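Enquirer: Okay, sequence plus prediction incoming.
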Amino acid sequence: MAGRHKGARLPRSCAPGAREIPNVEYTVSYRAGWRLIYIMLDVKEQRQYLSELGIRLKSLRLARNDTMAVFAQRLGVSAGTLRAMEHGTATVQIGAWVKALWVLDRLDDLNGVLTRKESLLEQARAPRIRSRQRASRRA
């Protein structure tokens with residue numbers, strides 16, 4: 001028996017004892033005889049951010065006066081992939097987004113992604129680098 005369940009609650013039959021995560025939608029696909037249950041988490045904040053990112057991509061494409069077909073060709077992706085990017089679909093590969101940033105000359109915007117952020121406590125604990133001192137004059 002094959003099935004699919006989508007919703008804000010995790011079905012008890014597929015994960016007994018599992019705790020639900022707030023603000024998450026679950027898509028569960030399963031087949032009889034399979035021990036593996038595929039659960040895709042769809043975080044609402046993630047979906048909203050990707051949707052906003054897609055809207056910005058579309059507005060930049062339109063500001064360049066490019067059709068969807070022309071812009072997709074420049075990216076090296078299909079028009080369907082570009083449509084998915086503009087709609088904020090989470091399954092689009094990161095490489096397609098990097099190509100889009102490169103074509104739009106915005107690749108430098110990725111420099112701040114996943115950089116290590118130091119807390120104020122870590123900054124206070126870090127050893128201070130002293131300025132260079134000169135040796136005393138010899139007599």
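Expert: Arrived safely, thanks for sending. For clarity, every value in this text was computed on a predicted model and none was experimentally measured.
Enquirer: going forward, measure contacts between C-alpha atoms and count neighbours the same way
Expert: OK.
Enquirer: Checking residue 135 next. Helix, strand or coil?
Expert: Secondary structure, DSSP: H, G, I helix; E, B strand; the rest coil: residue 135 is coil.
Enquirer: residues contacting it?
Expert: The contact partners of residue 135, by CA atoms under 8 Å, 6 or more residues apart in numbering, come to none.
Enquirer: you'd agree residue 74 is in a strand?
Expert: No. Under three-state DSSP, residue 74 falls outside any strand and is assigned helix.
Enquirer: Identify each of the helices in this protein and give its residue range.
Expert: Counting by DSSP state H, the chain has helices at residues 44-63, 68-75, 79-87, 94-103, 120-125.
Enquirer: so of those, which one's packed in deepest?
Expert: The highest average neighbour count among the helices of the chain, using mean count of other CA atoms under 10 Å, belongs to helix 79-87 at a mean of 19.
Enquirer: What mean pLDDT does that helix get?
Expert: Regarding helix 79-87, the rounded mean pLDDT is 95.
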